[in-house]
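J.: requesting a structural model of the entry that follows:
(4 chains)
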4 protein chains.
Amino acid sequence: MKESNRLKENLTDSEFNIKGECAISLLLTKLDIINIDLSRKIGRNVIQMRYGRMKTYESTCKKLKKKNLEKTFSAAVENLTDLIGVRAICSYVDDIYKVAGILEKQKDIRLLRVKDYIDAPKKSGYQSLHLILEIPISFQEGIQWMKVELQLRTAAMDYWANLDHQLRYKKGKKEAKLIDEELRQCAEEVGKLDRKMMEIRKKIDKI
Amino acid sequence: MKESNRLKENLTDSEFNIKGECAISLLLTKLDIINIDLSRKIGRNVIQMRYGRMKTYESTCKKLKKKNLEKTFSAAVENLTDLIGVRAICSYVDDIYKVAGILEKQKDIRLLRVKDYIDAPKKSGYQSLHLILEIPISFQEGIQWMKVELQLRTAAMDYWANLDHQLRYKKGKKEAKLIDEELRQCAEEVGKLDRKMMEIRKKIDKI
Amino acid sequence: MKESNRLKENLTDSEFNIKGECAISLLLTKLDIINIDLSRKIGRNVIQMRYGRMKTYESTCKKLKKKNLEKTFSAAVENLTDLIGVRAICSYVDDIYKVAGILEKQKDIRLLRVKDYIDAPKKSGYQSLHLILEIPISFQEGIQWMKVELQLRTAAMDYWANLDHQLRYKKGKKEAKLIDEELRQCAEEVGKLDRKMMEIRKKIDKI
Amino acid sequence: MKESNRLKENLTDSEFNIKGECAISLLLTKLDIINIDLSRKIGRNVIQMRYGRMKTYESTCKKLKKKNLEKTFSAAVENLTDLIGVRAICSYVDDIYKVAGILEKQKDIRLLRVKDYIDAPKKSGYQSLHLILEIPISFQEGIQWMKVELQLRTAAMDYWANLDHQLRYKKGKKEAKLIDEELRQCAEEVGKLDRKMMEIRKKIDKI
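T.: Numbering: from 1, shown residues only, chains lettered A, B, ... in the order given. So this is what the prediction gives:
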């Protein structure tokens, strides 16, 4: 079989795909438990929405190409951290770090890497906190540690990221450049709004 | 039984409550169908999240008191439009009107009233489009038209509304007044961000 | 494009597939409403589980071949009633007819055909009540009536049908014949159990 | 506060209730993972349905009374194993033991007790496999081991148990006695059906 076919197969029907879905489902449950626990303590919802997805074959190929890597399954598994991805939309910026802090302390989670694009946004303006985690899943043959990328962001950051994502699909075209600049300015306003909302909430908390 | 007890009973275990849950579930399905249909046509999600709730007894009493109405079930049903409520978070401001327009044209929906708090925000700064609808539910004994309030908003409007909701609980206190003013300014920035995001999306659509 | 490719396309990514998912979701909601309404009235759950599925390309091809029909999308739509399918597991045999009776009376449902395999089981022993329905879905361009096959059965009938389904995959082999006979006997015992359970429930109802 | 009030409070809005919901949600996810993993290996679904519930205040009181225990929260926590309960409907009898075996081997699960009412049904005829488990939940303040009763049964056992449950509500009445006897005979037929279905499935597996 051609290597690229094997990549496709591994990312769709295979064992990897099924185990990935298990990892997603376990991390979503962990996030639910954190949310239920925190919400009871501080009297408001901390995670508004959360969902997971396995990276598609098309999207994996594109990313491997962009990184000048071979189109093989082993190249993908070794180099891409977001083959298995979970996203959580948090209520306020400080909630993001609260959730991250709780996850980091859990004994059955290994934190491999943190990429803080809130503290230092990407050049495009992209903001989010990424945690590369390993979580243990009990399969019939024993425990397997699965790598998952967790993206934590506010609703405003997510709003921006969705718009940015739509633009990425049309990249390369000349008009895209100008919009890029507008979008970057927009990202700054998103950042300002997030900080302002958090400040107001902190004042309300103190009343 | 005291009238206020009867109100409580009617809003919790009763037939009204069960029928309300049915109305919510049908309207959510209608929104899903609109979203699936539109998403296929324009290549992106139009509704990001949707959920429904029956107004609690406590919240109903508070609203009846504020409106100087009797604490009875009939006063509630006749005067409050949001005993049965559904909320949908749309991707962009124009998506809100697209979804509303499609719903209005459906033959098995009666549109009783539109309150456009996007065009004319409330004094507090609150923005959303409210549709008071009646939808027919087939129960064993025949069709019954149930009144539902549908609130349509963007993620940014929802962000603001959640914060405003937290403040409402602490109203009356002196400090709340100052925060009120800050929150109103924030609402304006939310409005600006929404318009900017929509403009950029329209430019991207044209590429 | 080859006709069989067009069939595949039509059954997977296409408009038909998306509209089918909408029809499934609406019928499931209708079943939920019937269940909620009935449960309140008779004090127990009438529908235990329900789910829907679009017939896969592979399964459609197999059925077209078995019926000596062309492998085209129009042949499939005109001749197969279960391209869009919903299944509901009811608590007792009489609940099946209760649910069917309520659906039949709903004004926004057209009943095209009833196949009562409970009254007259298939030769294999298969029991279920099949309703071929048309339900109206409001799409942007107007209302479209979608054909759906609803299968109503008890848990015992479903138990049997799942086992039978596993055997179908191995049909043609000599050993399958003998098992066929055992399975048919088993179907009779399922029928007896269903009737006995219903009788006991009726006695309990009367206490 | 009266002890019985405290029991009610503890079983409804309290920390215990919230932590119980977390335990349910984690065990359901564990069952999903087992099902996904096994289904891939043996080519059919092993768990058909699963759900959890916290024992209600009313039901807790009834059980405490029946066991001649005080109506207090500590009496309930120490003596009742099913305050937090999960039920899984498995496809065949041997699947029940497969699922149980996999759970028992998981390192982050403590098996406190097994009650095998399949091997030795209750006098009433009741069949199911009960596992009393402890599972660790990561709360903000650290790991807490929560006790959960997992009930594993086939669809036929569940069918019977639901009918038996309806009868329990009418116990004490004279007519209930006669029905009891009929129900016990029915349980034997359920057992026979389960064994027969499993034997046929094993034959199909071998083809």
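J.: and the helix or strand hosting A:Gln144, average pLDDT?
T.: Secondary structure from DSSP states H and E places A:Gln144 in strand A:142-154. Averaging pLDDT along strand A:142-154 yields 96.
J.: now the helix or strand that contains A:Glu104, how far from the centre of its chain.
T.: Element membership for A:Glu104 (DSSP H and E) is helix A:93-105. Here helix A:93-105 is found 14 Å from its chain centre; the criterion is C-alpha atoms, centre = their mean, to the nearest Å.
J.: for it, buried residues please.
T.: By neighbour count with 16 or more other C-beta atoms under 10 Å in any protein chain shown, helix A:93-105 contains the buried residues A:93, A:95-100, A:102-103. Glycine gets a C-beta too; all of them are placed from N, C-alpha and C.
J.: A:Glu70 - how many residues pack around it?
T.: Burial measure for A:Glu70: 14 neighbouring residues, criterion other C-beta atoms under 10 Å in any protein chain shown.
J.: helix, strand or coil for it?
T.: Judged by DSSP: H, G, I helix; E, B strand; the rest coil, the three-state class of A:Glu70 is coil.
J.: shouldn't it be in contact with A:Cys61?
T.: No - if you go by C-beta atoms under 8 Å, A:Glu70 and A:Cys61 don't touch, sitting 10.9 Å apart.
J.: before we move on, the earlier item: the strand holding A:Gln144 close to chain D?
T.: Yes - Strand A:142-154 is in contact with chain D by C-beta under 8 Å from any C-beta of the partner chain, via A:Ile143.
J.: roughly how far is that strand from the heart of the chain?
T.: Using C-alpha atoms, centre = their mean, the distance from the centre of strand A:142-154 to the centre of the chain it belongs to is 9 Å.
J.: contacts for the very next helix or strand once past that strand, please.
T.: Using DSSP H and E, the helix or strand that follows strand A:142-154 towards the C-terminus is helix A:155-168. The contact list for helix A:155-168 (C-beta atoms under 8 Å, 6 or more residues apart in numbering or on different chains) reads A:48, A:87, A:89, A:91, A:118, A:124-128, A:153, A:176, A:179-180, A:183, A:186-187, A:190, A:193-194, A:197, B:44, B:91, B:154-156, B:158-159, B:193, B:197, B:200-201, B:204.
J.: so which bits of helix A:155-168 are buried?
T.: A:155-164, A:166-167.
J.: what is the nearest of those residues to B:Val148?
T.: Within the buried residues of helix A:155-168, the smallest distance to B:Val148 is 24.5 Å, found for A:Ala155 (C-beta to C-beta).
J.: ranges for the helices of chain A?
T.: A:3-11, A:15-42, A:57-66, A:73-79, A:93-105, A:155-168, A:174-206 (DSSP state H).
J.: among these, which is nearest D:Ile34?
T.: The closest of these to D:Ile34 is helix A:15-42. By C-beta to C-beta, the value is 9.4 Å.
J.: center of chain A - which residue?
T.: The centre of chain A sits closest to A:Gln151, judged by C-alpha atoms, centre = their mean, with a distance of 2.3 Å.
J.: tell me where the model's unsure across chain A.
T.: Applying pLDDT under 70 to chain A picks out residues A:1-5, A:13, A:171-172.
J.: can you list the residues of chain A near chain B?
T.: Residues of chain A lying near chain B (C-beta under 8 Å from any C-beta): A:44, A:49, A:91, A:154-156, A:158-160, A:162-163, A:166-167, A:170, A:173, A:175-176, A:179, A:182-183, A:186, A:189-190, A:192-193, A:196-197, A:200-201, A:203-204, A:206-207.
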